[in-house]
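1. model this:
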Amino acid sequence: MSLVFAGACSHAPGITGRAARADARLRDTFYAKLGELRQQLEAAKPDALIVVAAEHFANFFMNNMPAYCMGMADFYEGPIEDEEWLAIKRKRVPGNAALSRRIIETMLEDVDVAYAEEWKFDHGIMVPLHFLTPRYDLPVIPVNVNCQGPPLTPLKRAYEFGRALRRACDAQPERVALVGTGGISHWPATPDSGTINEAWDREFLKRFLANDRAALTSYTDEETLRDAGQGGFEIRTFLTVAGATEGSTGELLFYAPIPIFAVGCTVATMAVK
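-> Coordinates of the predicted model:
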């Protein structure tokens, strides 16, 4: 078949781990919109879900930091973090090694991508799955874009990676869904944690929803670090979704800064043509 669904959402650990401390009105609306994203995902009837995330030194470190890596296993486990801290029970998440391999083989015609047959999911994947596949019954294919350890992949390459991912998905007989997940502006694990640059977030989302390739790829890492924190480097996951849906536009289901979650919380879809 082809790519049948594309979306994006936030993944900060506070979204689940500090739920009780958030403004109840904002939290409940955010959760409801994540539920709406799940409903749209389920309605697309995918055979597998590709989650493009930013890994947080749980599996890759500076001794081996691929720019792009895709899981190629029959199952994965997560969260790697403490269950009580994240408020998500440890699960075995199904994968699809055969489909992963075919996607990887197709992508290697155009871009370089590493693969991993072992992968422990951290909050970057488990928080979205908690809301989007709460029964953990949909095969997941994880994709990591290095957003943590410089040198980081250029934004233009993240967009091109998304385009290659789309071509690979469209070459498969299965129905494939895609979700990109990351923060927008945030300063995790720093004294500025909880700071959110709402104006920067909204401008980025405007560019993302318009799928304005030139505007999306015009940020420099120096500007992003200054205005959106080191967590802002995770916009690469959104650019991958934009590249995979080139020519389409998106819909913002929810955005609000929720400081106790330490991120501007986002839920969005991108049309698939």
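2. secondary structure class for D201?
-> At D201 the chain is in helix, as set by DSSP: H, G, I helix; E, B strand; the rest coil.
3. do you know how far it is from S193?
-> 16 Å (C-beta to C-beta, to the nearest Å). In short, each C-beta sits where N, CA and C put it, glycine included.
4. So those two - more neighbours on which side?
-> D201 (25 against 16; other C-beta atoms under 10 Å).
5. Just to check, that one is in contact with Y255?
-> Yes: look at D201 against Y255 with C-beta atoms under 8 Å: they come within range, at 6.8 Å.
6. Tell me the residues that contact both of those two, please.
-> G264, T266 (C-beta atoms under 8 Å, 6 or more residues apart in numbering).
7. And the helices in the stretch 101-250 of the chain?
-> Along the stretch 101-250 of the chain, the stretches classed as helices by DSSP state H, counting those that start in this stretch are 123-132, 155-170, 198-210, 213-216, 221-228, 235-244.
8. What lies in contact with stretch 217-230?
-> Contacts for stretch 217-230 (C-beta under 8 Å, 6+ apart): 150, 152, 154-156, 159, 184-188, 190, 192, 195, 197, 200-201, 204, 232-233, 235, 239.
9. what do you get for stretch 247-254?
-> By C-beta under 8 Å, 6+ apart, stretch 247-254 touches 6, 8, 29-30, 33-34, 36-37, 205, 208-211, 265-273.
10. Narrow the residues you listed to those that are buried.
-> For the contacts of stretch 247-254, a neighbour count by 16 or more other C-beta atoms under 10 Å gives the buried set as 6, 8, 30, 33-34, 37, 205, 208-209, 211, 265-270, 272.
11. Out of the residues you listed, list just those in helices.
-> If you go by DSSP state H, those have F30, K33, L34, L37, L205, F208, L209 in helices.
12. which residues of the protein score low on pLDDT?
-> 1 (pLDDT under 70).
13. Would you reformat the ones in helices among the buried ones among the contacts of stretch 247-254 as JSON lines and include distance to L216?
-> Converted to JSON lines, these look like this (distance: C-beta to C-beta, whole Å):
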{"residue": "F30", "distance to L216": "24"}
{"residue": "K33", "distance to L216": "23"}
{"residue": "L34", "distance to L216": "23"}
{"residue": "L37", "distance to L216": "21"}
{"residue": "L205", "distance to L216": "11"}
{"residue": "F208", "distance to L216": "6"}
{"residue": "L209", "distance to L216": "10"}
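14. Can you show me the CA trace of stretch 144-157 as PDB?
-> What follows is stretch 144-157, C-alpha atoms only, in PDB (Å, rounded to 0.1, in the frame of the first residue of the first chain):
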ATOM      1  CA  ASN A 144      16.000   7.800  15.900                       C
ATOM      2  CA  VAL A 145      17.300  11.100  14.500                       C
ATOM      3  CA  ASN A 146      20.300  12.300  16.500                       C
ATOM      4  CA  CYS A 147      19.200  15.500  18.200                       C
ATOM      5  CA  GLN A 148      21.400  15.100  21.200                       C
ATOM      6  CA  GLY A 149      25.100  14.800  20.400                       C
ATOM      7  CA  PRO A 150      26.700  17.300  18.000                       C
ATOM      8  CA  PRO A 151      27.500  17.300  15.100                       C
ATOM      9  CA  LEU A 152      23.800  17.100  14.400                       C
ATOM     10  CA  THR A 153      22.300  16.200  11.000                       C
ATOM     11  CA  PRO A 154      21.500  19.400   9.000                       C
ATOM     12  CA  LEU A 155      17.800  20.300   8.800                       C
ATOM     13  CA  LYS A 156      17.900  19.900   5.100                       C
ATOM     14  CA  ARG A 157      19.000  16.300   5.500                       C
END
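15. Enumerate the positions of it that are buried.
-> Going by 16+ other C-beta under 10 Å, stretch 144-157 has these buried residues: N144, V145, N146, C147, Q148, L152, T153, L155, R157.
16. now the third one: how far from A53?
-> Meaning N146. Distance from N146 to A53, by C-beta to C-beta: 11 Å.
17. can you check the second one too?
-> Distance of V145 to A53, given as C-beta to C-beta: 8 Å.
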